[in-house]
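**Q** Below are the sequence and a predicted model for it; my questions follow.
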Amino acid sequence: MGKIAFTHWHEQAMFHNPLHGGQLTAQDIEVRVDPLTGHQSIFNSALEDKVSILFPETDPAYAAERAGETLKTCFLCDGRWRETTPRYPSELIPEGRLVRGETVLFPNLFPLAAHHAVVMVGDLHYRELKDFPPSLLYDALSASMDFIARCHAADPETAFFTINANYLPPAGASVVPPHLQILGSTRPGTHHRLLLEASREYTVRNGSNYWLDLVDAEWTEGLRNIATMGDSRWITAFSPVGVHEVNAIWTRREHFLQWVEDDLRAMAEGLSGILRGCHEMGCSTFNFSCFSGPLGRSTPEFRCMLRFVNRQNLMPHHRTDDYYFQKLLRNEIIVRRPEVLAELFRRHLNQAG
């Protein structure tokens, strides 16, 4: 086993607190460091029972109102996608779009990479997070992997792919219906590159694979491991990059072309369970990105991995959860302890890890 270190330290902030009659108050601040990237996350214990200060719960009435209003003009719903969405050239996808059950894959009208697809995830305009069944997610992921394989076969130099999601406007979505986005390029994006380079450096330093060492360490410590789903291992992040971060690691898959049906089902079942747990906490939005090593190349130092986070909930005048602390200083605030989150998510993935 390599050198996984769950580094953290504590600091104290002292001030006269008007909430306690002006008494001198000491607040404990815990700083955590990601074992691979060095990313820092900060937890203030005074917020432990006051999550709503930073992360208010979803307003169901507002969510219903916005869903109803946006449905009227949604270009995807009621079959309108057949006329309003672009199509791929027949050389790549003969039928123009990929359809799997209720899911449809088509080109992004304003792409951010050479290959940038959108996958409409089901016919419903709006879903609560408890309403993402594994079968629906499986169809969306199956279409995504089919698209990735076709793109790489047509253009082998395009080797760096991610599967991504942003659900509802607080998470950056420009449309309400749930959807995925697949990005493929000849070079990895910023965070993708960091993961690949840091994994390689770890292997050179320690003679082992970081992701396998991380799985071993998390299952040995037993505080943040959630479940085993097929080849994937699900954990809460020790030093999260966003609210309620969950990671999944595919221990035998270096890149997406190595995935088999069981891997897709594991991702679908895992995501469905995590979303149900988020719904229990009153959450309504999320982002995730699933990273692959370069397609068709050997990268024994890397394993496919997923990052899932919640974003601010759907409510009137929501505040952003991405400000100078995250955007420029590249730190994160821990809203709920990862060890507490793991206990909640275990129930929804039906395994104790």
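**A** Alright, I've got the coordinates.
**Q** Just the element for the residue nearest to residue 80 when sequence neighbours are not counted, please.
**A** Distances taken as CB to CB, 6 or more residues apart in numbering place residue 74 nearest to residue 80, at 7.2 Å, with adjacent residues excluded. Backbone N, C-alpha and C define where each C-beta goes, glycine included. If you go by DSSP states H and E, residue 74 is not part of any helix or strand.
**Q** For residue 74, the count of nearby residues, please.
**A** Using other CB atoms under 10 Å, residue 74 has 17 other residues around it.
**Q** Quick check on it: phi, psi?
**A** Phi and psi for residue 74, reported as degrees, to the nearest 10, are phi -70, psi 130.
**Q** And it, how close does it get to residue 122?
**A** Separation of residue 74 from residue 122 (CB to CB, to the nearest Å): 13 Å.
**Q** Using the three-state scheme, assign residue 126.
**A** coil (DSSP: H, G, I helix; E, B strand; the rest coil).
**Q** what about the spatially closest residue to it that is not a sequence neighbour, helix or strand, and which?
**A** Nearest non-adjacent residue to residue 126, counting by CB to CB, 6+ apart: residue 67, 3.7 Å away. Assessed by DSSP H and E, residue 67 sits inside helix 60-71.
**Q** List the buried residues for that helix?
**A** For helix 60-71, the neighbour count (16 or more other CB atoms under 10 Å) marks 62-63, 66-67, 70 as buried.
**Q** okay, it in PDB with CA atoms only?
**A** The C-alpha atoms that make up helix 60-71 are tabulated as PDB, following Å, rounded to 0.1, in the frame of the first residue of the first chain:
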ATOM      1  CA  PRO A  60     -41.200  22.900  -3.200                       C
ATOM      2  CA  ALA A  61     -43.800  25.500  -4.100                       C
ATOM      3  CA  TYR A  62     -41.200  27.500  -6.000                       C
ATOM      4  CA  ALA A  63     -39.900  24.400  -7.700                       C
ATOM      5  CA  ALA A  64     -43.400  23.500  -8.900                       C
ATOM      6  CA  GLU A  65     -44.000  27.000 -10.100                       C
ATOM      7  CA  ARG A  66     -40.800  27.200 -12.100                       C
ATOM      8  CA  ALA A  67     -41.300  23.800 -13.600                       C
ATOM      9  CA  GLY A  68     -44.800  24.800 -14.700                       C
ATOM     10  CA  GLU A  69     -43.700  28.100 -16.200                       C
ATOM     11  CA  THR A  70     -40.700  26.700 -18.100                       C
ATOM     12  CA  LEU A  71     -42.600  23.700 -19.500                       C
END
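**Q** Now the element after that helix, going C-ward?
**A** Immediately after helix 60-71, counting by DSSP H and E, sits helix 81-84.
**Q** Now that next one: buried residues?
**A** Buried-residue list, helix 81-84, by 16+ other CB under 10 Å: residue 81.
**Q** distance between that helix and the chain's centre?
**A** Relative to its chain's centre, helix 81-84 lies at 28 Å (CA atoms, centre = their mean, to the nearest Å).
**Q** Would you indicate which residues of the helix or strand that comes right after that helix are buried?
**A** The first helix or strand that comes after helix 81-84 along the chain, using DSSP H and E, is strand 98-100. For strand 98-100, a neighbour-count test (16+ other CB under 10 Å) marks 98, 100 as buried.
**Q** Check which helices and strands whatever helix or strand comes next after strand 98-100 sits against.
**A** As assigned by DSSP H and E, the chain's next helix or strand after strand 98-100 is strand 103-107. Counting contacts by 3 or more CB pairs under 8 Å, 6 or more residues apart in numbering; DSSP states H and E, strand 103-107 packs against strand 98-100, strand 115-121, helix 134-154.
**Q** contacting residues around strand 103-107?
**A** Contacting residues not belonging to strand 103-107 are listed as 81, 85-88, 96-99, 116-122, 136, 139-140, 143-144, 146-147, 182 [CB atoms under 8 Å, 6 or more residues apart in numbering].
**Q** of these, buried ones?
**A** Neighbour-count burial (16+ other CB under 10 Å) applied to those gives 81, 85, 88, 97-98, 116-122, 136, 139-140, 143-144, 147, 182.
**Q** which ones are touching residue 101?
**A** Applying CB under 8 Å, 6+ apart to residue 101 gives the contacts 135-136, 139.
**Q** If we use 10 Å, what do you get?
**A** 122-123, 135-136, 138-140, 142-143 (CB atoms under 10 Å, 6 or more residues apart in numbering).
**Q** repeat for residue 227
**A** Neighbouring residues of residue 227 by CB under 10 Å, 6+ apart: 233-235, 248, 266, 269-270, 273-274, 342, 345-346, 348-353.
**Q** now swap in residue 81 and tell me
**A** So residue 81 contacts 74-75, 97, 99, 104, 106, 118, 120, 123, 177 (CB under 10 Å, 6+ apart).
**Q** now the helices: where do they sit in the stretch 151-300 of the chain?
**A** Under the criterion DSSP state H, counting those that start in this stretch, the stretch 151-300 of the chain contains helices at 190-206, 210-221, 261-280.
**Q** Any stretches of this structure with poor pLDDT?
**A** For the chain, applying pLDDT under 70 flags the ranges 1-2, 351-353.
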